[in-house]
Structure formats: C-alpha cells, structure tokens
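Trainee: Quick one, what's the 3D model for this:
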Amino acid sequence: MFNISRRFLMMGLGAVALSASLPAMARQVAMPAVRMIRTNGIDLAVYEAGSGPAVVLLHGFPGLAYTWRHQIPALVAAGYRVIAPDLRGYGLSDRPEPLEAYDLAHLTGDIVGMLDELGIEQAIFVGHDWGGLLSWQLPLFHLQRVRGVVSFNTPHIPHWMLWLHPALVDPVLPEGHNFVADPRKDPIAQMREVFSPDMYVLMFQNGHAADDIMNTDPRAALRGALRKDLGGPEGWPDLPMVIKNMEYYGQPAPAQLPGQDVLTADELDFYVRHYERTGFTPANNWYRNISRNWEAGLNVDQAIHVPSLMISAANDVVLQAAMTDGMEAYVPDLEKHVVKDCWHWTPEEKPEESNALLLSWLNRRFPA
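Mentor: Purely as a prediction, here's the structure:
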C-alpha cells in the first residue's frame with residue numbers, strides 16, 4: 001500500500017489515467033469529475049455535481065458509482081446536489097485489507113465522514129442492491145444525518161433476515177417442511193440450515209474460492225451477473241434446485257449465458273477495467289460481515305423514521321416485489337412502486353422509469 005501522503009496523489013492520477021484509457025462511448029456518459037475525499041481513515045472516490053438538496057447515491061454489488069450514470073444528470077437538471085461515491089472496496093476508493101474493515105460501522109462511518117467533509121448536515125439516500133441495504137441502515141444508526149431513503153429493489157427486512165424471507169426459503173425446503181426465521185439468531189447460521197453451501201452468500205463465507213474464480217475472468221463474472229430477461233418470480237418454485245439455491249457467483253461461466261446483457265459493450269468495458277484493478281475480494285467482504293452487522297443491530301429499533309420510497313422490479317426473482325408486503329410495519333411513511341418488465345438492475349435497465357419515479361417522489365417530499 002502507498003503511504004498516506006503519496007496515496008492521495010496517486011489515486012487522483014490513477015483516476016485520470018483510468019478515465020483516459022476507457023472507451024470513448026463509456027466516457028461520453030454524463031459522469032461528473034471524480035475527486036478523492038478523506039473520510040473515516042480511507043479515501044473515497046466521489047463524483048459530485050449540481051446544487052440544492054443533497055442526494056447521495058449508493059451503488060450495489062457488483063456496481064460502482066457508474067451505476068448511477070443515468071440518474072445523475074436527471075437529478076442535477078431537477079435542482080439537486082448529487083454525490084455518488086465508489087463505496088469502500090470498490091472502484092477508485094481505498095480497499096483495506098482486514099475483513100472486518102467492511103462491517104456496517106465502517107460502511108456507515110464512511111458516509112457520515114463524507115457528509116462532514118462536504119459540509120452536508122443531512123442528505124436523502126438512494127441505494128440499489130447492497131446500497132439499498134446500506135441506505136436502510138443509515139437511519140437506524142445515524143438518523144440525524146438522514147432526510148429520506150429511496151431503495152431500488154432491496155426491501156427493508158429487519159435484522160438481516162433478507163435472504164431468509166419465505167419467498168426465497170420455501171422453494172428450497174423439502175416437501176412437508178417449514179422454516180421460520182428467528183431475528184435473534186445469526187442469519188448466516190440460519191441460511192446454512194436451508195440453502196446449499198454453494199448459495200452465493202454462503203460461498204463467500206467459506207474462504208476465497210469464489211473470489212479466485214471471479215478474479216480469474218472479471219469480464220465473465222460481470223457479464224454473468226449483469227443480465228436481464230431471465231423470467232420472473234412466478235416461475236421461481238419450478239426452476240432447478242441449483243438456481244433456487246442461488247448458486248450464482250464463483251461458478252464457471254456456461255458456454256451460453258441465459259437472458260440478455262444489461263450493459264452495452266462499452267459500459268461493460270468500464271466495469272471490467274475497474275475490477276481488473278481491484279479484484280472482487282473487497283466487494284465480497286461486505287457479505288462476510290453479515291453476522292457482525294446482525295449482532296451490532298440486535299438491540300437497535302428497526303423502524304425507519306424518515307420518508308421512504310421503495311422501487312421494486314416486477315421480474316427480480318431474488319429481491320422480489322412481494323417481499324415488500326408488510327414493510328409499512330417498520331417503514332410507516334412509505335411509498336411503493338413496481339417497475340414492469342424489469343429484472344434486478346433497475347437503475348440501468350429502466351433509467352427513464354427509474355428517474356420518473358425518483359424525481360416525482362423527491363419533488364413532492366423534498367422539492368429543490
């Protein structure tokens with residue numbers, strides 16, 4: 001690792017060099033200039049533009065700040081100040097070595113420190129996938145910094161019981177068996193009771209075998225993940241067990257990928273360039289802290305006490321729209337929408353619909 005004094009300079013130069021090496025089509029997307037912000041003991045690569053109410057965009061796995069390339073210009077044009085970081089372990093941001101450096105305390109601390117450095121008291125947080133999980137956790141631990149929450153695809157399921165929702169567990173249970181998740185019990189231990197050891201979250205717990213496969217061919221790993229047109233939840237119970245067990249990552253890529261690519265060739269190149277630099281281990285380490293995160297929140301009120309918007313995708317088979325049923329019990333000020341003909345990568349698959357729903361809610365709840 002670079003020492004701190006040199007690292008800041010080298011990271012900045014690296015951002016310029018990487019941008020210059022990317023295909024022209026990828027560079028034409030309206031991403032703001034990147035700058036490094038020191039927060040919580042690390043440097044975060046942050047893309048910022050606009051003025052007005054602060055909106056922080058938190059990407060998921062295996063995303064980047066670039067995930068939000070279609071939302072940033074729309075938000076800026078509508079009068080918002082947009083901040084999109086490469087989160088800890090991703091892109092041009094720092095990648096600490098210790099596994100526990102990717103727990104919830106560090107992840108939320110990065111965001112709070114970033115707000116401090118930017119002189120922002122409160123922000124509206126918009127997240128997708130893991131960024132959605134992080135967005136829901138911020139008002140639980142740092143309520144005073146949160147004005148509102150928007151989550152794409154990721155419902156708020158208290159105490160990290162997300163992967164233990166009946167919609168995901170019931171299809172893998174033997175006939176005649178039932179399972180009820182216990183919020184007082186480690187979710188990883190419970191997941192081991194119902195899923196295959198190769199279920200992607202569990203596979204990430206068992207050493208770096210999945211990382212090694214993904215790092216061998218980042219292009220194949222990314223292209224295999226970032227897909228659409230793969231059917232919908234209604235057919236989920238009838239799929240082969242390997243699919244219902246969500247054995248997604250760390251597997252050799254099939255000769256013929258199902259569905260369709262979400263990204264253009266140039267967009268995929270953008271992602272590949274970054275993951276060829278960083279590998280997948282830092283991003284996978286987020287999953288390796290689920291038990292630690294659960295333990296940290298055991299005695300924390302799981303209610304979300306800020307205005308919230310939930311945008312689901314009709315065809316997401318893992319983060320199913322039906323999993324938002326009953327969310328109002330924990331998120332009383334909640335508006336929900338479902339994007340039709342959309343799988344998991346909603347901000348990138350359906351940017352126009354995503355922007356329309358996001359801006360409609362923002363203009364009503366937090367007008368610029």
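
Trainee: now Gly232, nearest residue through space, not along the chain?
Mentor: Nearest non-adjacent residue to Gly232, counting by Cβ to Cβ, 6 or more residues apart in numbering: Asn315, 4.2 Å away. Glycine gets a C-beta too; all of them are placed from N, C-alpha and C.

Trainee: what stretches of the stretch 251-368 of the chain score poorly on pLDDT?
Mentor: 251-253 (pLDDT under 70).

Trainee: Can you show me the strands along it?
Mentor: Residue ranges of the strands in the stretch 251-368 of the chain, as given by DSSP state E, counting those that start in this stretch, are 260-261, 308-313, 334-339.

Trainee: can these go into JSON lines with extra columns for mean neighbour count and distance to Leu115?
Mentor: Converted to JSON lines, the strands of the stretch 251-368 of the chain look like this (neighbours: other Cβ atoms under 10 Å; distance: least, Cβ to Cβ, whole Å):
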{"stretch": "strand 260-261", "mean neighbour count": "12", "distance to Leu115": "35"}
{"stretch": "strand 308-313", "mean neighbour count": "26", "distance to Leu115": "19"}
{"stretch": "strand 334-339", "mean neighbour count": "17", "distance to Leu115": "24"}
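
Trainee: and Arg219, which of these is closest to it?
Mentor: strand 260-261 (11.6 Å; Cβ to Cβ).

Trainee: so what's the spatially most central residue of the chain closest to, chain neighbours aside?
Mentor: Central residue of the chain (Cα atoms, centre = their mean): Gly60, 1.7 Å from the mean position. The shortest distance from Gly60 to any non-neighbouring residue, by Cβ to Cβ, 6+ apart, is to Asp129 (2.3 Å).

Trainee: Pull the number of nearby residues for the one you found.
Mentor: With neighbours defined by other Cβ atoms under 10 Å, the count for Asp129 comes to 25.

Trainee: swap in Gly63?
Mentor: 25.

Trainee: again, but for Arg219
Mentor: Summarising burial for Arg219: neighbours were counted as other Cβ under 10 Å, giving 14.

Trainee: just to revisit the earlier point, you'd agree the residue nearest to Gly60 is up against Asn153?
Mentor: Yes: between Asp129 and Asn153 there is a contact under Cβ atoms under 8 Å: 6.2 Å.

Trainee: list residues touching both of these two?
Mentor: Counting by Cβ atoms under 8 Å, 6 or more residues apart in numbering, the contacts common to Asp129 and Asn153 are 319, 344.

Trainee: Let me know how buried the spatially closest residue to Asn289 that is not a sequence neighbour is, in neighbour terms.
Mentor: What sits nearest to Asn289 in space, not counting adjacent residues and going by Cβ to Cβ, 6+ apart, is Asp103, at 4.1 Å. A count of nearby residues for Asp103, using other Cβ under 10 Å, gives 21.

Trainee: now the residue nearest to the centre of the chain: how far from Val331?
Mentor: Remark: distance between Gly60 and Val331 (Cβ to Cβ, to the nearest Å) = 19 Å.

Trainee: The stretch 251-368 of the chain: helices as residue ranges?
Mentor: 265-278, 281-287, 290-296, 346-349, 351-365 (DSSP state H, counting those that start in this stretch).

Trainee: actually the stretch 101-250 of the chain, not the one I wrote
Mentor: 104-118, 130-141, 166-169, 187-194, 200-205, 209-216, 218-225, 241-244.

Trainee: and Gly131, what does it touch?
Mentor: Contacts for Gly131 (Cβ under 8 Å, 6+ apart) come out as 57-60, 63, 87, 154.

Trainee: Which single one of these is nearest to Ile42?
Mentor: With Cβ to Cβ as the yardstick, the closest approach to Ile42 among the contacts of Gly131 comes from Leu87, at 10.5 Å.

Trainee: dump the residue contacts of the closest one.
Mentor: Per Cβ under 8 Å, 6+ apart, neighbours of Leu87: 44, 58-59, 93, 107, 110, 131, 134.

Trainee: got it, and Arg88?
Mentor: 42, 44, 94-96, 101-102, 106-107, 110, 282.

Trainee: Could you give the bridge partners of Lys228?
Mentor: On the basis of DSSP bridges, Lys228 is bridged to Gln260.

Trainee: doesn't Glu349 make contact with it?
Mentor: Yes: applying Cβ under 8 Å, one finds Lys228 in contact with Glu349, separated by 5.5 Å.

Trainee: Next, show the common contact partners of these two.
Mentor: 262, 342-343.

Trainee: Of those, just say which sits nearest to His305.
Mentor: The shortest gap between His305 and any of the shared contacts of Lys228 and Glu349 belongs to Cys342, at 29.2 Å (Cβ to Cβ).

Trainee: how many other residues sit next to the closest one?
Mentor: 24.

Trainee: What of Arg364?
Mentor: Arg364 has 11 neighbours, counted by other Cβ under 10 Å.
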